[in-house]
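S.K.: What follows is a predicted structure for the sequence shown.
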Amino acid sequence: MEFASFAVFFIIACTLSAVLLGISSLLGQKRKAIREMDIYESGVNPVGSATRQYDIKFFLTAILFLLFDVEIVFLLPWAMAYNGAPDQTFMMWGFVFFMAILLVGYIFVINSKALKWEE
Amino acid sequence: MYLNYLANISRYIPEILLVGLMVGLILIETTYKEDDKNKRYIFIAAIVGLIATFVSLVANLSGKPEAIFSNSMIIDPFSTSMKMIMVLGTLGSYYLSTISKDVYESLKTEFIIMAVGILIGGFILASANNMLMIFIGIETLSILSYVMASLKKNDERSSEAGLKYALYGGISSGLMLFGMSHMFGVLGTIQFSGMAATIATLDKAQMLILMPSFVLFFAGIGYKIAAVPFHMWSPDVYEGSPTPVTTLFAIVPKLAGIAALIRVTMIFFATPGPLRVGWVGLVMVIAALTMTVGNITAIGQKSVKRMLAYSSISHAGIMLAGLVMINEIGIRAVVFYAITYLFMTLVAFYITSIVQDKYGNDHFDRFQGLIYRYPFMAVMMTVVMLSLTGLPPLAGFVGKYNIIVALINSRNFTLAIILVLNSVISAYYYLKIVRLMTLKPQESNEKIEGFGFLNQLIIVAMTVPVLTLGIFWENVMAFAGSAKVFIQ
């Protein structure tokens, strides 16, 4: 039974968390202070309403940044593997293919005026 | 290593064509001015691209089954025929989107771009041969689906549909990943072939430990095909999304999920053992629940689209029932059922969409007396409804009959009886619409613009398979029978 240790671990983990939560709710003080109701209990007091409206352009720019940022992250392992690769021409074409698709996306972003602030 | 990739690429042409089509459509849309000419280009490009994909799939069908890309995907007749059905579904829902008022004029191109993206996800899912590919397929499918569900930007229900879909999708993806990570922890690989080999060496207790992770894995795919404990998103999403999107959702993700499930079942559970017993029990219970809950909830619906959503849940249950025997006869029955389901769903949604465009909603009452105004369309709708019920001599009957025969041959009498009872229940709400169309006086005698000559012709053309497959089903059955799952 190579999973016996796993089962023991699982049972101990479950009991431990149950016991800890149980003890604290049995022995702990029960108080409903006003402070506990705050959004940041021991942080700064919140200012204004949380449902304030922002301009959608902020979100759009942030999402587009994230998207292209992640694409760059994908290139990192490519660059790391490039040096020792058996066929660098093949890898290069893979890179070109990847960037071409990305470029089309970029053209789409530009042409649909997603990055234009004024309008 | 790289030579392998290039050697396999000839089997991967359908997917490459689709990616090219998607990128090309984005380029056409964004670089040309928005006018009618642009729209015509896009229409031609989309239709030609999808038909080219279909043709290349047909060419792929005859090749010998093989594993490509370091055994991460499998191109076999089964995945290729499922892909062909999915391409036809996309084609159908694309044409519907061009005539529907439910998709904003400015977003019609985005519809087809994202639909092609969903199709690519479905392709990956249908031929995935390791856990990672399954996950990538599901996510490609899902993320675009969330956007498509909220395509009607100014409509509250559509936004709600998108948000609900995204939330459910996130949770079930998380569950599935958790299950997969557990499997990886126990088996040490994500490759299906390696996993199956390791499972064969486990003893009984170890297999039982694996079962929960397969249940979690099932949750991820079960959510995509809207099997019952994970179906809560489906009616709201189907009702809130624009009708062409609903049509796409009812076909592509559902069949892709079923295809992935069939492959997983065939690879891991073909050998007898406690794991197989557990999985078959799970699928059986879920299939029975999916059929029954889908049908019973469909009875009380006021909106035809919502009714069709519940009915598509119950059809997913019927297709799941074809999985429990884990043999080729079951798969043949499921593939045949998928083909009939494709045509029935397309016709039902086409007619609903056109009626809905006219009146602004899709209540049952809108169909009153349709036969006096558009006798052809009323007859087609009646044919499709009877076929969905499963009455001979229509395609739906042969589809259900085959699944029931496969169930009885494998001695799953309970599930067979539940399936038959469900067909009886479903007759009630399917025939309700027939009654409204034929026996009630018409609400008004206004024209419905959508039922032009061309659209009527297309609807009739799509109903022809529903009629003929009920009688001349041998060839299609042979096609479905040749769709064998290749295991490597």
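M.R.: That came through, no problem.

S.K.: From here on, just use CA atoms for contacts and neighbour counts.
M.R.: OK.

S.K.: Is the helix or strand in which B:Leu18 is found in proximity to chain A?
M.R.: Of the helices and strands defined by DSSP states H and E, B:Leu18 is found in helix B:13-31. Yes: using CA under 8 Å from any CA of the partner chain, helix B:13-31 comes into contact with chain A via B:Val23, B:Ile26, B:Leu27, B:Thr30, B:Thr31.

S.K.: Could you single out the nearest of the residues you listed to B:Leu454?
M.R.: Of all those, B:Leu454 sits closest to B:Ile26, with 28.0 Å by CA to CA.

S.K.: so what's B:Val23 up against?
M.R.: A:Ile101, A:Val104 (CA atoms under 8 Å, 6 or more residues apart in numbering or on different chains).

S.K.: switch the cut-off to 10 Å
M.R.: A:Ala100, A:Ile101, A:Leu102, A:Leu103, A:Val104, A:Gly105, B:Leu17, B:Glu29, B:Ile113, B:Val116, B:Gly117 (CA atoms under 10 Å, 6 or more residues apart in numbering or on different chains).

S.K.: Return the item of those having minimum pLDDT.
M.R.: pLDDT across the contacts of B:Val23 is lowest for B:Glu29, at 83.

S.K.: contacting residues for that one?
M.R.: B:Glu29 touches A:Phe108, A:Asn111, A:Ser112, B:Val23, B:Asn38, B:Lys39, B:Tyr41, B:Ile42, B:Thr109, B:Glu110, B:Ile113, counting by CA under 10 Å, 6+ apart.

S.K.: Mind checking which of these are buried?
M.R.: Neighbour counting by 16 or more other CA atoms under 10 Å in any protein chain shown classes A:Phe108, A:Asn111, B:Val23, B:Asn38, B:Lys39, B:Ile42, B:Thr109, B:Glu110, B:Ile113 among the contacts of B:Glu29 as buried.

S.K.: Spell out the secondary structure type for the last one.
M.R.: Recorded secondary structure, B:Ile113: helix (DSSP: H, G, I helix; E, B strand; the rest coil).

S.K.: Can you give me the distance of it to B:Thr140?
M.R.: 13 Å (CA to CA, to the nearest Å).

S.K.: which residues are in contact with both of the two?
M.R.: Shared contacts of B:Ile113 and B:Thr140, counting by CA under 10 Å, 6+ apart, come down to B:Leu119.

S.K.: Can you tell me which residues in chain A are near chain B?
M.R.: A:1-4, A:7, A:85-87, A:90-91, A:100-105, A:107-112 (CA under 10 Å from any CA of the partner chain).

S.K.: Apply 7 Å and report the result again.
M.R.: For chain A, the residues in contact with chain B (CA under 7 Å from any CA of the partner chain) are A:Ile101, A:Val104, A:Phe108, A:Asn111, A:Ser112.

S.K.: show me the contacts for the fourth one.
M.R.: If you count contacts by CA atoms under 7 Å, 6 or more residues apart in numbering or on different chains, A:Asn111 has them with B:Thr30.

S.K.: Now the longest helix belonging to chain A: average pLDDT?
M.R.: Longest helix in chain A, counting residues (DSSP state H): helix A:56-82. Averaged over helix A:56-82, pLDDT sits at 87.

S.K.: Going along the chain, name the strands of the chain.
M.R.: You didn't say which chain, so I picked chain A. Remark: strands of chain A are absent; assignment by DSSP state E.

S.K.: switch to chain B, that's the one I care about
M.R.: Counting by DSSP E, the strands of chain B are B:66-68, B:73-75.

S.K.: Direction included, what does the first one pair up with?
M.R.: Just to be clear, that refers to strand B:66-68. Next to strand B:66-68 in the sheet, as set by DSSP bridges, lie strand B:73-75 (antiparallel).

S.K.: next one: the partner strand to chain centre, how far?
M.R.: For strand B:73-75, the separation from the chain centroid amounts to 20 Å (computed by CA atoms, centre = their mean, to the nearest Å).

S.K.: okay, now the residue in chain B positioned nearest to chain A: neighbour count?
M.R.: Distance from chain A to each residue of chain B (CA to the nearest CA) is smallest for B:Thr30, at 5.6 Å. Neighbourhood size, B:Thr30 [other CA atoms under 10 Å in any protein chain shown]: 20.

S.K.: Go ahead and confirm it touches A:Ile110.
M.R.: No: using CA atoms under 7 Å as the test, B:Thr30 is too far from A:Ile110 to be in contact (8.8 Å).

S.K.: if we can go back for a sec, could you dump the contacts of B:Val23 to a markdown table with distance to B:Tyr94?
M.R.: Converted to a markdown table, those look like this (distance: CA to CA, whole Å):
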| residue | distance to B:Tyr94 |
| --- | --- |
| A:Ala100 | 26 |
| A:Ile101 | 23 |
| A:Leu102 | 25 |
| A:Leu103 | 26 |
| A:Val104 | 22 |
| A:Gly105 | 22 |
| B:Leu17 | 17 |
| B:Glu29 | 16 |
| B:Ile113 | 10 |
| B:Val116 | 10 |
| B:Gly117 | 13 |
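
S.K.: Let's see which of these end up in helices.
M.R.: Cross-referencing the contacts of B:Val23 against helices under DSSP H gives A:Ala100, A:Ile101, A:Leu102, A:Leu103, A:Val104, A:Gly105, B:Leu17, B:Glu29, B:Ile113, B:Val116, B:Gly117.

S.K.: Quick check, pLDDT for B:Glu34.
M.R.: 68.

S.K.: next one: B:Lys400
M.R.: So, for B:Lys400, pLDDT stands at 91.

S.K.: Look at it and say how many residues are nearby.
M.R.: 29.

S.K.: thinking again about what came up before, any chance of CSV for the residues of helix B:13-31 next to chain A, columns distance to B:Ile339 and pLDDT?
M.R.: CSV is the format used below for the residues of helix B:13-31 next to chain A (distance: CA to CA, whole Å; pLDDT from 0 to 100):
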residue, distance to B:Ile339, pLDDT
B:Val23, 29, 90
B:Ile26, 30, 88
B:Leu27, 33, 87
B:Thr30, 35, 81
B:Thr31, 38, 79
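
S.K.: Out of these, which comes closest to B:Gly63?
M.R.: B:Val23 (27.7 Å).

S.K.: Against chain B, how distant is the most centrally placed residue in chain A?
M.R.: Geometric centre of chain A, nearest residue: A:Leu66, 10.2 Å, by CA atoms, centre = their mean. Using CA to the nearest CA, to the nearest Å, we find A:Leu66 at a distance of 16 Å from chain B.

S.K.: What sits closest to B:Asn71 if chain neighbours are left out?
M.R.: Nearest non-adjacent residue to B:Asn71, counting by CA to CA, 6 or more residues apart in numbering or on different chains: B:Asn129, 6.8 Å away.

S.K.: For that neighbour, what are phi and psi?
M.R.: phi -120, psi 10 (degrees, to the nearest 10).

S.K.: Was I right to think it contacts B:Phe192?
M.R.: Yes: the pair B:Asn129 / B:Phe192 is scored as a contact, 5.8 Å apart, by CA under 7 Å.
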